[in-house]
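A.B. asks: Below is the structure, and that's it, no one-letter string:
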């Protein structure tokens, strides 16, 4: 060829053996070597082919190239090139197969004896790409589309990524489109999970059964090479591009499809997550003596203390219901033996109040003996974590002895309302008292108390207020 810069150039047709191919051991790459006679510079150019997947064009820019070691202090000249021999340019071996007529004539005039030309071998990768895919199978995709359009199998899956340092089990939903045998996978992102809600975990496409390592390799998407309906069964593990996905459950349409086509009857779901571990019991600190036990317990349940919640249904339903008893103090003191008290039990909040009426010639001032409050049963530790037991309605009956703040009282009789209330709720009170320690509620004592109330009047009853 003629060089436009004022000098002549020679063209060599050669090929390069490259190991860049991941499918075969070597590739044959056809190149052209330009040798410029004016300054002994060399340029290597590879013709560009579409969809080659490798960088092409100018492989070596025009400049003087030194000889390989140990003669790297010298440069290539026109006498170093001949047909059917190897030329090493920067550790790459080029096999010169032929040259153009101008180069051949010029070398013959210089007295160079040219070797016979050689044929360029065919590239095995390019040859494989030109071969059609076999065997030729005809599948009516239009019929499949018309029969199964909008028919989608849905599986609920689990991808266990716990082996990675920051991974955890992920819940997935797999959609298998029967119209074209494609698969789409979406990830279930729970609220406050810390993960971004990506549109899709896997875009809709055919899923190969085997993960392919070579980049750019022709993928066979036919027949048995892709995941099909017979590969999707409950309990099966499929390979989604290197990720092991476990099929755990499916919807009703999928169950009907597999029951009709494959005769499957067992659709026992696979547990996607292990059962949650039971929460450890929250220790309750002991009562510190400030406020009520319920108030102290509410202050331990959260950072912001809240008042204890009252049973408003019980409070509104039993607001005006009060059980009143007449009792005496159990004591060895002769003065205290003659003292009488009115013990009131408020059903709305289970509180007790004690009032002492004034009696003549006793030497004791009457009045409020015990403020209305809940009274703890005796024999309990105050500073403990367990809730205390308080007096309830079934603990008070005629003949019972109750200890109210280290003062023991014996209930002598009750008013008309209290006796009527206990008669109406005899079964309820009796059922409660069976589970507690001590004697059951003496219902038959009520009739005796009514008779005693009608025939016997205590000396101080004339001064008692109406109950």
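C.D. replies: Structure's in. What do you need? In this text the structure is predicted, and so the values were computed from the model without any measurement.
A.B. asks: Show me the contact partners of stretch 316-324.
C.D. replies: By Cβ atoms under 8 Å, 6 or more residues apart in numbering, the surrounding residues in contact with stretch 316-324 are 342-348, 393, 396, 414-415, 417-418, 421, 467. C-beta here means a position set from N, CA and C on the backbone, and glycine is covered the same way.
A.B. asks: count of neighbours near the closest residue to residue 228 other than its chain neighbours?
C.D. replies: Leaving aside its sequence neighbours, residue 228 sits nearest to residue 181 (Cβ to Cβ, 6 or more residues apart in numbering; 6.7 Å). Neighbour count for residue 181, taken as other Cβ atoms under 10 Å: 17.
A.B. asks: Roughly how far does residue 181 sit from residue 320?
C.D. replies: Noted for residue 181: a distance of 76 Å to residue 320, by Cβ to Cβ, to the nearest Å.
A.B. asks: again with residue 253
C.D. replies: Using Cβ to Cβ, we find residue 253 at a distance of 62 Å from residue 320.
A.B. asks: after the helix or strand encompassing residue 145 comes which helix or strand?
C.D. replies: Here residue 145, judged by DSSP states H and E, is contained in helix 141-148. Next along the chain after helix 141-148, taking DSSP H and E as the criterion, comes strand 152-160.
A.B. asks: pLDDT on that following strand, on average?
C.D. replies: Average pLDDT, strand 152-160: 94.
A.B. asks: Partner strands of it and their direction?
C.D. replies: Applying DSSP bridges, strand 152-160 is found paired with strand 169-177 (antiparallel), strand 243-250 (antiparallel).
A.B. asks: Tell me which of those sits nearest to residue 289.
C.D. replies: Residue 289 sits nearest to strand 169-177 of all the strands paired with strand 152-160, at 48.2 Å, using Cβ to Cβ.
A.B. asks: Following element in sequence after the closest one, please.
C.D. replies: Assigned by DSSP H and E, the successor of strand 169-177 is strand 182-187.
A.B. asks: So, low pLDDT: which residues of this protein?
C.D. replies: Applying pLDDT under 70 to the chain flags the ranges 1-25, 133-139, 211-224, 428-467.
A.B. asks: in it, which spans are helices?
C.D. replies: 101-109, 124-130, 141-148, 252-261, 293-298, 312-317, 334-337, 416-424, 426-435, 444-455 (DSSP state H).
A.B. asks: Which one of the ones you listed lies nearest to residue 355?
C.D. replies: For the helices of the chain, proximity to residue 355 was assessed by Cβ to Cβ; helix 416-424 is nearest, at 15.1 Å.
A.B. asks: The closest one packs against which elements?
C.D. replies: Counting contacts by 3 or more Cβ pairs under 8 Å, 6 or more residues apart in numbering; DSSP states H and E, helix 416-424 is packed against strand 322-329, helix 444-455.
A.B. asks: switch to 10 Å and redo it
C.D. replies: If you count contacts as 3 or more Cβ pairs under 10 Å, 6 or more residues apart in numbering; DSSP states H and E, helix 416-424 packs onto strand 322-329, strand 407-414, helix 426-435, helix 444-455.
A.B. asks: Which of residue 253 and residue 320 has more residues huddled nearby?
C.D. replies: Counted by other Cβ under 10 Å, residue 253 and residue 320 do not tie: residue 253 has more neighbours, with 12 against 8.
A.B. asks: close enough to count as contact, the more buried one and residue 148?
C.D. replies: No. Applying Cβ atoms under 10 Å, one finds residue 253 not in contact with residue 148, separated by 11.9 Å.
A.B. asks: could the helices of the chain go into a markdown table alongside distance to residue 228?
C.D. replies: Converted to a markdown table, the helices of the chain look like this (distance: least, Cβ to Cβ, whole Å):
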| stretch | distance to residue 228 |
| --- | --- |
| helix 101-109 | 59 |
| helix 124-130 | 26 |
| helix 141-148 | 12 |
| helix 252-261 | 12 |
| helix 293-298 | 61 |
| helix 312-317 | 62 |
| helix 334-337 | 95 |
| helix 416-424 | 74 |
| helix 426-435 | 65 |
| helix 444-455 | 82 |
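A.B. asks: Other residues contacting the helix holding residue 145?
C.D. replies: 140, 177-181, 257 (Cβ atoms under 10 Å, 6 or more residues apart in numbering).
A.B. asks: any idea how far the closest residue to residue 266 other than its chain neighbours is from residue 254?
C.D. replies: Excluding the flanking residues, the one nearest residue 266 by Cβ to Cβ, 6+ apart is residue 234, at 7.9 Å. Distance from residue 234 to residue 254, counting by Cβ to Cβ: 9 Å.
A.B. asks: Find residues that contact each of the two.
C.D. replies: Residues touching both residue 234 and residue 254 (Cβ under 10 Å, 6+ apart): 155-156, 267.
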